[in-house]
Structures are given as C-alpha cells and as structure tokens.
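A.B. asks: below are the sequence and a predicted model; questions follow.
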Amino acid sequence: MAENKTINDIMSEQLPMTPMSDDDRRRHYAASTCDNCGCHFTRKNLKVRHHDHTTGEYVFPACCNCNLALKPKKCSSNIYLLSVICHNLKKNYDSHFIIKEFERRYTEKVAKNKKVSFDDVKVIPLNSERFLQF
C-alpha cells in the first residue's frame, strides 16, 4: 500500500508539455500515421502531441482517440488506476506470496451508476497448488 501511495503521488503531478526538440518537431510534422494504432491522420482523426504527464516530455505523434485512451485513469476515490498483470507463475512459491496478501478491498470496481463493489481476484490455475495467471 505504501507503493500504491507513492505511485499515486507521482501520477497526480500533471505537468504541461515541455518545449519540443528540433528532432521531435521534425518527427511530429513528418508523421502521417499514429505511432500507437497506425491509423492515418485525417480531418476527423487529428494529429496531436502525446506527452508524458509525469515528466512533461513529448513521446510521439498520436491520434485524438489514442491520446485520450493513453491518459492515466482514475478510480472513484480519485486514485489512479494501475493495472498489474502477473503471468508465467511457474514456481509454486511465486504466486502464493502475492495471493495471500490480497483482500477484497484491493479489487474495487465502480459501475456506471457510481456504485462501488468489490470483485474477487481472478485466477487461472494449473492445478490446485499452482497458478498460471491472476
């Protein structure tokens, strides 16, 4: 939970984009497709400057849809959502240290009507002792 607070503090600092370097400016103006999805820029799918909100640095030319989709998301309690995926847990001990620390309060889910519920951790087991993914 201490790491969660540290990450949330870092993500909460939303910096404006710093001035682009000459190379970044050339790369941005020369781009005809989004670096994220590969879609061509059009009048309806505009080119924007995607930047890292924690450092302010320009990242790549993106379409409006990708730029908005790549923006960090917040949960209902104004805390940034950080997705963590654990996979290839081949050793028995790998996953048991993590799973035993989960509590239902860490798997918060907010419905469209703003109702908060708690979801269980979803596990893909190899057998009763070994987990492949959760």
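C.D. replies: Received, thanks.
A.B. asks: quick one: the helices in this structure?
C.D. replies: For the chain, the helices identified by DSSP state H occupy 2-12, 22-30, 64-69, 92-99, in order along the chain.
A.B. asks: mind listing what's buried along the shortest one?
C.D. replies: Right, the one you point to is helix 64-69. Buried residues in helix 64-69, defined by neighbour count with 16 or more other CB atoms under 10 Å: 66-67. (C-beta placed from N, C-alpha, C; glycine too.)
A.B. asks: now swap in the second one and tell me
C.D. replies: Of all the residues in helix 22-30, those buried under the rule 16+ other CB under 10 Å are 24, 28.
A.B. asks: ok, now the first one?
C.D. replies: Along helix 2-12, the positions that meet the burial threshold by neighbour count (16+ other CB under 10 Å) are M11.
A.B. asks: mean confidence for that helix?
C.D. replies: Taken as a whole, helix 2-12 has an average pLDDT of 79.
A.B. asks: run through the protein and note the low-pLDDT ranges.
C.D. replies: Along the chain, the parts satisfying pLDDT under 70 run over 1, 75-78, 81-97, 99-122, 129, 131-134.
A.B. asks: please enumerate the strands of it.
C.D. replies: Residue ranges of the strands in the chain, as given by DSSP state E, are 47-51, 58-63, 108-110, 116-118, 124-125, 131-133.
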